[in-house]
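Chemist: give me a 3D structure for the following:
(one chain, ligands or ions: 1)
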Amino acid sequence: MKKIYLIGYMGCGKSAIGRRLSFATKIPFYDMDAEIKRKTGMTIPEIFEQYGEEYFRDLETDFLRTFRDEFCIISTGGGVAMRKINREIMRKTGLVFYLNAPFKDIWRRIATDRNRPIVQRSTREELEALYDERKPLYLKGAHFKVETERRSLREITNYIMFQIERLRSHDD
Ligand code: S3P
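Modeler: Numbers count the residues shown, from 1 in each chain. Model (predicted):
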């Protein structure tokens, strides 16, 4: 079985769901931003500030290309699905779940966040435009679209587990 990737906009719950999924399934969990931070010894805002966004995007692609060959759950950064090569790598090496949340929920979660450079430099309107612009690309990259609105973490996790199990039993 391959990797499980969680994709979607900032604040859609990728890390929280990834952690919970890992706890329930005992499949190891990795947060891509945290791995990039560990590898570079810099925070995400520091990388953006010192080297620019393109450099950060290259680090993301690098991560996807080189990360350990292991059955694991990976919560990706919100911009990862924008590059075609990233979508191709994820689809080839795993199952991709797109977590969809309404922008109003997202905004509530990210509005005051200081660790997200894109949020720091953008207005609410700009973030909503980016959300609309990215949506088709998340859909393109994903094998499954998961609706998170009015669903508990437990329900979302169970749904993803069900899909993993279903595909696993086909593999056998
Ligand atoms: C980004 C999302 C962030 C992080 C970086 C850029 C984006 O990850 O990778 O700040 O472009 O949407 P989260 O989705 O975990 O916030």
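
Chemist: make it CA atoms for all contacts and neighbour counts henceforth
Modeler: Will do.

Chemist: so what's Val119 up against?
Modeler: Contacts for Val119 (Cα atoms under 8 Å, 6 or more residues apart in numbering) come out as Ile110, Ala111, Asp113, Leu127.

Chemist: name the SS class of the third one, please.
Modeler: It stands for Asp113. coil (DSSP: H, G, I helix; E, B strand; the rest coil).

Chemist: phi, psi of it?
Modeler: Dihedral pair for Asp113: phi -80, psi 130, per degrees, to the nearest 10.

Chemist: please shift the residue numbers so they start at 9 in all later answers.
Modeler: Right, with 9 as the first residue, what we last looked at is Asp121.

Chemist: which outside residues touch the longest strand along the chain?
Modeler: In the chain, taking DSSP state E as the definition, the longest strand is strand 102-108. Residues outside strand 102-108 that contact it (Cα under 8 Å, 6+ apart): 9-17, 20-22, 98, 146-147, 149-157, 168.

Chemist: buried set for whichever helix or strand comes after it?
Modeler: Next along the chain after strand 102-108, taking DSSP states H and E as the criterion, comes helix 111-118. Residues of helix 111-118 classed as buried by neighbour count (16 or more other Cα atoms under 10 Å): Phe111, Ile114, Trp115, Ile118.
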